[in-house]
Structures are given as structure tokens and as C-alpha cells.
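> fold the stuff below for me.
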Amino acid sequence: MIRTLLFGLSLFALLLLAGCGASSPTLATIGDEQFTLHDFEKAYMKNNGVWDTCARSSIEDRQRFLDLVVKFKLKVKEARAIGLEKDSAVVSEMESYNVSVAQSYMLEKEVVEPGIQQLYNRKKEEVRASHILFRIPPSASPADTAAIYERAIKAIAQIPTTPFDSLAVRYSEDPGAKINHGDLGFFTGGRMVPDFEDACFSLKPGEYTKVPIRSQYGYHIIKVTARQPNPGSVRISHILLRFNDSSSDTDSVRDTVWMLYQKLKSGTPFAEVVQKYSQDPGSVERDGDIGLYERERIPPNIADIFYRLQVDSISEPIRFNYGYHIFKLTEKKPVPPLAEIQQDLKTQYQQVRYQYEYNRYVQGLKARYKVAIDSAAVNRLIVSIDTTQYAGTEKWKDTLTSEMMGTTLISSTDHPLKTKDFVEKVTTNNENSATRLNRSNIWMLMNKLADGVALEAYARLATERHPILGQLLQEYKDGILLYRIEQDEVWKKVMVNDSLLREYYSTYKENYRWPERVNFAEIYTLTDSMANAAYWKVQYGENFQEVAKEYTNRASYQEKGGEWGFQPFTMNELSRKASTMAKDSVTAPFRYEAGWSILKTLAFDSSHVKSFEEATPEIAGAYQEAASKQREQEWVELLKKKFPVTIKKELLPEAFKGKRVETQ
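Model prediction:
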């Protein structure tokens, strides 16, 4: 609960305050703590943007920010002074938060960021590989899988004496192998499944895998035939001449396209030929441009042609089964810097590699901490509970004995997980609420918790590897202390009662006024025929509101006879229209929203001060806010006496004039 409420605090943005700054002049002293100009710059940047923006800030803005910082530090000092950081609720909150945040932080720093960097490094290089695939059916038994592995081993043994492409044609179960002889062309990082890609990037040209590589498709034998820097992408324009449906005019199309090629070689502008002859309507309006292409997205034989061309040069006519193309290379773009494509790379990484690398990371941690599931204990747990129950219904745990609750389900060199821990984690995680506690789901949950045991153990050491994480956790703790101390010293000490509110009302009642208002009734129908029928009844003397009860389709307005009550003139189109009408006058049907409306103006109310009863909801909020501000000011003044504050305002103009500071 504390965590949920804390993030709603507007002051929480101020918690990201830097420490350390020995070589910087002291801007403020709060008790025994020094806050330097360097600290101020780092804190200000974290809350107000980049260095250049901060350098343009006004002295008044800097002063306001410094005042907030001082107040924050005074309050946190007081919280520590009275021992709030030892409060059981704070300790519990921090223990839970430390582990969860440390896990997220270390996964980002130790899995995601290195993974993105590796993906980018591989994007800067092209690998050309051939493979032989031995498929493993989903239903394959261990014996079947072993037999397939042996077939692959025997094929590998033939590589030194038999051309790889011949082996691919003979053995590969990749449907394309009969045509491409196993050649996959050039590709970069992120294009192949992780196991296959890792093997390819571990080989030099001419090398092959000495053991089969397992992927989701089966066993692969891989040979890398080339590696080279990625030349980037190419922008291509084309001229297309199609064969007719019967392909009876291939000679004529061939002769025409070669004639166009000669015209181009003689200097005729490419765009002019496109406009007159190209039969690709989608690209004609762009003078033949068909976009940017990376090599790996183009068939190898065509890619070789594109990448041999120089900018603004054209290819000879190339025949396809539907016609002839003449291509023109209009631009070459190198691989962009990492910063330009980082977000796209992160998305691709999350899609194609993260789960693979996460699993490998967790498996390593499980080995490190000797995490093991006790199958016998889990099976005893399963027979001890009603497996028709859902995790979200806590009564399923009522059948567990105290002995069972103390049983270790997952052992570890760090913190073993017992049944009572399993119960707590399953019942407090909303993601599990709809999970039926049958045998397969309990094992699924147990495997996830085993991963969690390993991650939590490693997360407890995360601040040793990542000092900045320690700062973040301390900032969060300060935020909890700030929230708690403000609750105790401000909000709980603000008295609100009827007499105080009436006194406040008598002072500020002019601030609480009704605007000019109009009361009107409406008949709302979905069709004009129903609207006309209702209007006819009103015109012939029937009571408007009785007709509204019979005809109006607006939800909850039938029993009120269509009456809206007093509304400000400007509330909506209906109130604006009613405010211009005479009292008791009725409109003809008019279009409104998805139907038809008829209005009758019932009464007007001039602007006037609200009564105390009418203004109470607004007064209560305003009074509490004002009283809280006053209480806070009084409290802060007391804190300044307890923790003396000195500020050198003359240093504020010097901020952001020196060397830029880095924020983390």
C-alpha cells in the first residue's frame, strides 16, 4: 500500500538527488549535511532536462527548486531522527522493493543491454552460411532424436571428402536445399534463431560445426562460407516490363527492354523512361523508386547485382518469370550508429533473443546456487490440496498441515523455498488468481519459482556489482520516509470539522458561486419518426414531461420526465440552446448526438453564492489543502531550528557554467 500511494506524491520527482561533490562549493548546509553546487546541478538536471535547458533556467526557478530540496532533506532527516526507517512497515516495504527492483535492474544491465550491443555488433557484419537440416518431429521420442543425431554425425564425417553443397542436396530436409544447395546467403544478427545464429558467428570462413547444432527445427550442420563488413542498405528504382498472361510475347518484351537499356546508356533520364514504359503503377509516381533494401532481405543472386552497382548506375535487364526489370541504384546507406536505432534494436532483441538469453542466464544462476526442486515434496503438496481450486481463492491452503507448510519444496544454497513461501507467493500474485491448481499448473508455478529463487539470490548482491543501484534504492527509501513523516506530521494533524469549514466558508464564500443556469427537460429519440410523434403530442397539449417518460431513450431520464435539472448555460449544446429560449417554450425536433432531441425550458437561475451545504465538497478540499500548507510551513520552520539551514543564494547564478556533470 505504501508503494502505491508513494508514486502519487508530486514531491517524489525530487528524490533523485545526487550525493558527493567534495570539489564543488557548498550551496546549502542542512544540519550536518552539505549540499554542493555540483549536487544541485545533478538534481536539477534529473528533474528539468538536459544541461543546455537547465543553463537557461531563471534564478527564480533555481531558488524554488532549492527550497523544495531543502524541505525534502529536512523531512527525511527528521524521519531518521525519530527512527522511522526501523518501522516494520518500512522495513518490509524496502525488503520487497529491493529484491524486485534489483532483479529488474540487473536483467536490464546484465542481459538486455549486453544483448542489444551484441545484436548491433552483429548487424555491422554479414555472414554467409550453408546448412544441412535434419528435422526432429514434435512427437519424436528420445530414441528417435538420438537416431537423427547419429545421422547428422555421419554426414559431418563426410565433409572433409565431399563438397558441402552435395551433402546438402543429399541429406538436408530444408525444402529449399534442392534449389540453393543449402546456401542461405548473407545475413546479419537477429535474422536467424538464436542457437543457429550463435553458431554462425562463432565460425570463420571455411569452418563448419563439428557437432550438430540443435534448434527448434531440428539438428543443423552449418558451414560459414564468408564474413564481411555489412555494406548497409541500398535504395533501388526500377523499370518493369511484364509478359502477357500467356507469356507468348517474351521475345518482344526482351527486345523492348534491351532497347530501353540502350536508351538509358545513351543518356535518356531514368525517370523519363519510367514514366513512359514501366508497368509497375505503384512505383511510377515515384519515378520508379521501390525503397531501401538490406542484403539479407533480397534473394542472394539479386543482392549480388545490387551491391555491385555504383550509385546512379543501372543494371542490365534481368529476367524474372513475370517479365524483365532494369534496376538503378540511387543511394547507399551505411549501418546507422547504435544511438539512432537503439529502440528498434531493443524491440527486435525482445522479440527474437531475450527469452533465449534470459533462460540461459537463469540456468547459470540455478547452477551457481544449486537450486533444485524436490519432486517428492511437490507431489506430496499436490495430493494435499483440492486441485479443482484456483490460486485466487485462498481457502485452497486450508487443507495444508503445519508440517506440510514447513516442508522445503525448492532447495538452494541461499534461501530455500518452503510450502508457506509457495502459498504466499501464489496467493499474492494477481497473475496467478485465475490459475487452477491442478498438477501441471503447480509444476509450472514451481518451475517459475525455482527461477525466482535463483534470481532473488543473485539480486541480493546486485548493489555490489552496480553501485548506482544502491543510490536508487536509497532514494526510494527516502521517498517512503518522506511519505510516512508527512502523513504523521501534516495530514494527520490537520483537523477538519463543521465549525472550521463554516468559518472558512464565511471568509471565502464569494469564491464559490453558481454560474447562470437553466433547467430544461428533453425528449431524446433515436429516430425522427419517434421524435415527430412525441412532438405532435406536445403540440396537441399533452404534458411535456409525461410525453418524455413515454418516449425518451436517454438512460435514467425516463423516470425524471426528461428533466436535466439546473445546468450552467455553457455545459453542453443542449444547455446553450435552452438558455436562449423563453421559459416554457419548446423546440421542434433537431439532430443531436446519434438521434433527435426536443427541448423545453423550465426555469432560469441567476448567478449567486452557493449555500454552505452546496459548497461543502469544494470547501472541504480547499480548506484541507490550505490547512496542510500552513501546518507544513510551521513544521518546516521547527525543523530548521532542529537542523539549522544556511544557503548561499549568491552561488545559484554559477550553476551550469562549468563542466557538464553526468546524471545516472
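> what about residue 528, distance to residue 599?
For residue 528, the distance to residue 599 equals 16 Å [CB to CB, to the nearest Å]. From N, CA and C alone the C-beta is placed, and that goes for glycine too.
> how about residue 323?
The gap separating residue 323 from residue 599 is 67 Å, by CB to CB.
> now residue 126: which helix or strand?
According to DSSP states H and E, residue 126 maps onto strand 125-135.
> now stretch 124-132, how far from the chain's geometric center?
33 Å (CA atoms, centre = their mean, to the nearest Å).
> please apply the same query to stretch 268-283.
The chain centre lies 44 Å from the centre of stretch 268-283; the measure is CA atoms, centre = their mean.
> can you count the residues close to the nearest residue to residue 458 once chain neighbours are set aside?
Nearest residue to residue 458 in three dimensions, chain neighbours excluded: residue 365, at 5.2 Å (CB to CB, 6 or more residues apart in numbering). Per other CB atoms under 10 Å, the neighbour tally for residue 365 reads 18.
> distance of residue 365 relative to residue 410?
Separation of residue 365 from residue 410 (CB to CB) stands at 13 Å.
> and for these two, which residues touch both?
The contact sets of residue 365 and residue 410 overlap at residue 371 (CB atoms under 8 Å, 6 or more residues apart in numbering).
> that older thread, and after the helix or strand where the residue nearest to residue 458 lies, which helix or strand comes next?
Here residue 365 is covered by helix 354-368, with elements defined by DSSP H and E. Using DSSP H and E, the helix or strand that follows helix 354-368 in sequence is strand 372-373.
> what packs against the helix or strand harbouring residue 262?
Element membership for residue 262, per DSSP H and E: helix 250-265. When contacts are defined as 3 or more CB pairs under 8 Å, 6 or more residues apart in numbering; DSSP states H and E, helix 250-265 sits against strand 233-242, helix 270-277, strand 323-333.
> one more time with 10 Å, if that's ok
strand 233-242, helix 270-277, strand 318-320, strand 323-333 (3 or more CB pairs under 10 Å, 6 or more residues apart in numbering; DSSP states H and E).
> how about the strands in the stretch 1-150 of the chain?
Counting by DSSP state E, counting those that start in this stretch, the stretch 1-150 of the chain has strands at residues 26-30, 33-36, 125-135.
> now these as TSV including mean neighbour count?
Formatted as TSV, these follow (neighbours: other CB atoms under 10 Å):
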stretch	mean neighbour count
strand 26-30	21
strand 33-36	18
strand 125-135	22
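> neighbour-wise, which of residue 323 and residue 599 wins?
Counted by other CB under 10 Å, residue 323 and residue 599 do not tie: residue 599 has more neighbours, with 26 against 21.
> next, the more buried one: secondary structure please.
strand (DSSP: H, G, I helix; E, B strand; the rest coil).
> surely it meets residue 581?
Yes: between residue 599 and residue 581 there is a contact under CB atoms under 10 Å: 7.2 Å.
> list residues touching both of the two?
Contact with both residue 599 and residue 581 is made by residues 518, 520, 587, according to CB atoms under 10 Å, 6 or more residues apart in numbering.
> what about the last one, neighbour count?
Think residue 587. Residue 587 has 18 neighbours, counted by other CB under 10 Å.
> so it touches residue 539, yeah?
No: using CB under 10 Å, residue 587 makes no contact with residue 539, being 11.7 Å away.
> can you give the domain ranges for the protein?
Using automatic domain parsing, the domain ranges for the chain come out as 125-229, 233-334, 513-609.
> who wins for proximity to residue 76 among the ones you listed?
Residue 76 sits nearest to domain 513-609 of all these, at 41.9 Å, using CB to CB.
> span of the closest one from start to end?
Start-to-end span of domain 513-609 (CA to CA, to the nearest Å) is 4 Å.
> list the buried residues of the longest helix seen in the chain.
In the chain, taking DSSP state H as the definition, the longest helix is helix 612-642. Neighbour counts using 16 or more other CB atoms under 10 Å place 612, 615-616, 619, 622-624, 627, 631-632, 635-636, 639 of helix 612-642 among the buried residues.
> buried stuff in the helix holding residue 365?
354, 357, 358, 361, 362, 365, 366.
> any low-confidence regions in the stretch 351-500 of the chain?
The model of the stretch 351-500 of the chain has no residue with pLDDT under 70.
> strands along that one, start to end?
With strands called from DSSP E, counting those that start in this stretch, the stretch 351-500 of the chain shows them at 372-373, 408-411, 417-418.
> in its sheet, what does the first one sit against?
Put plainly, it is strand 372-373. strand 408-411 (antiparallel) (DSSP bridges).
> report the buried residues of the partner strand.
Neighbour counts over strand 408-411 (16+ other CB under 10 Å) mark 409, 410, 411 as buried.
> nearest to residue 350, of these?
residue 410 (28.0 Å).
> which residues are in contact with the closest residue to the closest one other than its chain neighbours?
Using CB to CB, 6+ apart and skipping residues adjacent in sequence, the residue nearest residue 410 is residue 417, 4.1 Å away. By CB under 10 Å, 6+ apart, the residues touching residue 417 are 371, 373-374, 408-411, 425, 446, 449-450, 452-453, 456.
> farthest-apart pair in those, please.
Going by CB to CB, the pair spanning the contacts of residue 417 furthest: 374 and 456, at 18.1 Å.
> the two - which one has more neighbours?
Neighbours per residue, other CB under 10 Å: of residue 374 and residue 456, the larger number sits with residue 456, 20 against 17.
> below-threshold pLDDT in the protein: ranges please.
1-22, 659-664.
> please repeat the previous calculation with a cut-off of 50.
Residues of the chain meeting the criterion pLDDT under 50: 1-22, 664.
> distance-wise, check the residue sitting nearest the centre point of the chain relative to residue 119.
By CA atoms, centre = their mean, the chain has its centre lying nearest to residue 347, at 9.9 Å. According to CB to CB, residue 347 stands 11 Å off from residue 119.
> quick one: buried residues of stretch 161-172?
164, 165, 167, 168, 169, 171, 172.
> whichever helix or strand residue 151 is part of packs against which elements?
Secondary structure from DSSP H and E places residue 151 in helix 142-157. Judged by 3+ CB pairs under 10 Å, 6+ apart, the packing partners of helix 142-157 are strand 125-135, helix 164-171, strand 213-215, strand 218-229.
> now with 6 Å?
Counting contacts by 3 or more CB pairs under 6 Å, 6 or more residues apart in numbering; DSSP states H and E, helix 142-157 packs against strand 125-135, strand 218-229.
> what's the angle between the longest one and helix 142-157?
By that I understand strand 218-229. On the basis of axes from the mean of the first three to the mean of the last three CA atoms, to 10 degrees, strand 218-229 is oriented at 40 degrees to helix 142-157.
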